[in-house]
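S.K.: okay, sequence plus prediction incoming.
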Amino acid sequence: MLTEQKLKSFKTFIQDSSRDEIIWMSGFLAGISEKTAVAAPPPAEAAAAASTEKLVVSVLYGTETGNSKKIATKLASVLKNKQHKVTLKALDQYNTNNLEKETVLYVITSTHGDGEPPAAAKKFYDYLHAKQHSLPNLKFAVLALGDSSYPLFCKAGEDIDAKLKEAGALQLLPLEKSDLDFYPVSEAWISNVVNNLPTAENATAAKPLQPVEASKNTKRFYRGEVRTHINLNDRGSSKETWHIEISTNESIYYLPGDSLGIIPPNADEEVHEIVRLLNADKKQQVIYRNETFTLFNLFKTKLNILYLPLRIIDKYAKLIQAEVPAARLDLINLLSLYPLTGNVALENFIAILEPITPRLYSISSSPYAHGNNEIHITVGRDKFSADGKVKYGFCSSHFAGLNYGDEVIFYINSNDNFRLPQQEKDIIMIGPGTGIAPFRSFISHRDDEGAPGRNWLFFGDQHFASDFLYQSELLSFFDTGSLTRLNTAFSRDQKEKVYVQHRMLQQSKELYSWIKGGAHVYVCGCKSTMAKDVEAALIEIISREANIDTKAATAYLSRLEDDGRYAKDVY
């Protein structure tokens, strides 16, 4: 209980706080209480630990956004508190040769892309699939994180769980799968782990606790309307980059660093053509995964009809009992070239198709600076060549074609691994092209808070005259001091191409001074090229300015990442 004086001060403080501030404080206090709970476990957990012998446990995680790492760290802390010997490792740092020596193993992993493991888990994943393993002495449990909007929900976790069972390991708990709102599921799973730890006398798996109710583990969707829709690129640009503002009638809960998730609808003309090829009635009622739709709405809002995965092509070939080449086709092409035979029921055909994969876009607004009833995104329309033809990205074209007043249904994808530090900390932001999106959010947020920490942005694109995204805003932030330093790189404005990594190397000494002084470094943008080049530049800068070799500089950067001072939001 609080003393009378503390209670009086607390009430006064609350009265002077806004609703948003109270919400933030409640989350902050919940985090503190969480840590306290780890240090002083409930009596029930203490009793369970007392009746269990001390174990040698490995907790492994595979992560892209940091959520799996967060859960794994919490589990390791709880088990260490009970005096068990615990090894906590990322899957890419785990020596797979030790797997046959393990006795108790807990794996937490996410799923990415087309049912694939995160990059950091691929080595472990491939090792399990490379050959037959014999693990009769191993006891294990797997927590799989994912997004149920994707066709292969939690597939990486499912595969790891199946391979360990196939190798003869004993499953301590059934595979637990969590959607985006992982907190209630992960907390229940950790409690389940603690209450079902193996003992020398207990050679079989313990009875698990009841699973978390599905209603606690669903995404929250918001309905909004487009209020602003502007192409940020000027005349002469080869690009289209759309600034889109969406307004809602309810408060949106998100933080700088989060992403907006959307399931884009298919084009009406393509859906009509598919219905025609199926020789069906667009108003016909059909059931797909326990939901009822009209045939038109099912193909319009739910099913992926573009660039079908090879597994779908294979299923379709078996369904119509015909040879179909293993090539990724759109559904219209597939049905045109290899029509659905009359003896195949429409329901059986629909059953082999998969949902539209959600798309994620970094949020470029701040709930403080722009209000919690609107949200902004920055979308570059994807343009590419295929079969000698110019084509455009499915979802980015959907956003490019929106008009004022159009409805947008979306959800928030939380990214706790890409968060602003304390207000007094300095930050370095590296975000060329649409990578500027989260940093517009960061700068706006810190400007609104009056945060004393310094802010340094590296931005780049093709041409200064036509591709300087948010130019007036950024220069205004720079003029008022909210943006301490601004370095730009416009690659096509001179004979030699200049990118953000080149500007970083030019600022090597000052950049390292900021990092050495405690600055947090953030990178957002293209994963395959830019992010690799920026990381190489950071390693070179650290090596040069700290007078250490490349290996030591790489380890230095890894420590920054482990400490939460080097974060990437790449795609």
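M.R.: Great, that's in hand.
S.K.: give the rounded mean pLDDT of the helix or strand hosting Val521.
M.R.: Using DSSP states H and E, Val521 sits within strand 520-525. For strand 520-525, the mean per-residue pLDDT is 97.
S.K.: centre of the chain to that strand, how far?
M.R.: 15 Å (Cα atoms, centre = their mean, to the nearest Å).
S.K.: what's next to that strand, contact-wise?
M.R.: Strand 520-525 is contacted from outside by 362, 418, 421, 425-439, 442, 515, 530-531, 534-535, 538, 560, 564-571, using Cβ atoms under 8 Å, 6 or more residues apart in numbering. C-beta coordinates here come from the backbone N, C-alpha and C atoms, glycine included.
S.K.: my read is Val324 is in a strand, agree?
M.R.: No - looking at Val324 with DSSP: H, G, I helix; E, B strand; the rest coil, it is coil, so not inside a strand.
S.K.: was I right about it contacting Lys318?
M.R.: No - applying Cβ atoms under 8 Å, one finds Val324 not in contact with Lys318, separated by 9.2 Å.
S.K.: give me the more crowded residue out of those two.
M.R.: Val324 (17 against 10; other Cβ atoms under 10 Å).
S.K.: so what's the residue lying closest to that one once chain neighbours are set aside up against?
M.R.: Excluding its sequence neighbours, the residue lying closest to Val324 (Cβ to Cβ, 6 or more residues apart in numbering) is Ala317, at 4.0 Å. The contact partners of Ala317, taken as Cβ under 8 Å, 6+ apart, are Glu323, Val324, Tyr338.
S.K.: could you list the paired strands of the strand holding Val521 along with their orientation?
M.R.: strand 427-430 (parallel), strand 566-570 (parallel) (DSSP bridges).
S.K.: C-alpha coordinates for the longest one, CSV please?
M.R.: Included here for strand 566-570 are C-alpha records, laid out as CSV according to Å, rounded to 0.1, in the frame of the first residue of the first chain:
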residue,chain,number,x,y,z
TYR,A,566,21.6,-1.4,-33.3
ALA,A,567,18.2,-2.2,-34.9
LYS,A,568,17.1,-3.0,-38.4
ASP,A,569,13.7,-2.9,-40.1
VAL,A,570,14.6,-4.3,-43.5
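S.K.: and Val142, how close does it get to Thr109?
M.R.: 7 Å (Cβ to Cβ, to the nearest Å).
S.K.: what sits in contact with each of those two?
M.R.: Gly157, Ile160.
S.K.: picking that back up, now list the buried members of the contacts of strand 520-525.
M.R.: Neighbour counting by 16 or more other Cβ atoms under 10 Å classes 362, 418, 421, 425-439, 442, 515, 530-531, 534-535, 538, 560, 565-571 among these as buried.
S.K.: check what pLDDT Thr218 gets.
M.R.: With respect to pLDDT, Thr218 has a value of 62.
S.K.: try Tyr411
M.R.: As predicted, Tyr411 sits at a pLDDT of 95.
S.K.: ok, back up a step: which of the strands paired with strand 520-525 sits closest to Asn266?
M.R.: strand 566-570 (27.8 Å; Cβ to Cβ).
S.K.: what mean pLDDT does the closest one get?
M.R.: On average, the pLDDT along strand 566-570 is 95.
S.K.: pLDDT and distance to Pro265 for the contacts of Ala317 - can I get that in JSON lines?
M.R.: Below are the contacts of Ala317 laid out as JSON lines (pLDDT from 0 to 100; distance: Cβ to Cβ, whole Å):
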{"residue": "Glu323", "pLDDT": "94", "distance to Pro265": "33"}
{"residue": "Val324", "pLDDT": "95", "distance to Pro265": "27"}
{"residue": "Tyr338", "pLDDT": "97", "distance to Pro265": "26"}
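S.K.: would you reformat the residues you listed as a markdown table and include distance to Tyr392?
M.R.: As requested, those are arranged in a markdown table below (distance: Cβ to Cβ, whole Å):
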| residue | distance to Tyr392 |
| --- | --- |
| Glu323 | 32 |
| Val324 | 27 |
| Tyr338 | 26 |
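S.K.: assumed Tyr411 was part of a helix.
M.R.: No - in this structure, Tyr411 is strand, not part of a helix, as judged by three-state DSSP.
S.K.: for Tyr338, which residues are in contact?
M.R.: Applying Cβ under 8 Å, 6+ apart to Tyr338 gives the contacts Tyr316, Ala317, Ile320, Ala322, Val324.
S.K.: what does Leu308 give?
M.R.: Leu308 touches Arg328, Leu329, Asp330, Leu331, Leu334, counting by Cβ under 8 Å, 6+ apart.
S.K.: tell me, how many residues neighbour the third one?
M.R.: Spelled out, it's Asp330. Counted with other Cβ under 10 Å, Asp330 comes out at 15.
S.K.: what's the answer for the fourth one, then?
M.R.: Residues lying near Leu331 (other Cβ under 10 Å) number 24.
S.K.: with adjacent residues omitted, what lies nearest to it?
M.R.: Ile305 (4.0 Å).
S.K.: any idea how far that neighbour is from Asn137?
M.R.: Counting by Cβ to Cβ, the gap from Ile305 to Asn137 is 48 Å.
S.K.: more neighbours: those two, which one.
M.R.: Set Ile305 next to Asn137 and count neighbours by other Cβ under 10 Å: Ile305 wins out with 21 against 13.
S.K.: what's the helix or strand for the more buried one?
M.R.: Here Ile305 is assigned to no helix or strand, by DSSP H and E.
S.K.: spit out the contact partners of it.
M.R.: Ile305 neighbours (Cβ under 8 Å, 6+ apart): Asn266, Glu270, Val271, Ile274, Phe299, Asp330, Leu331, Ile332.
S.K.: from the residues you listed, list the buried ones, please.
M.R.: Asn266, Glu270, Val271, Ile274, Phe299, Leu331, Ile332.
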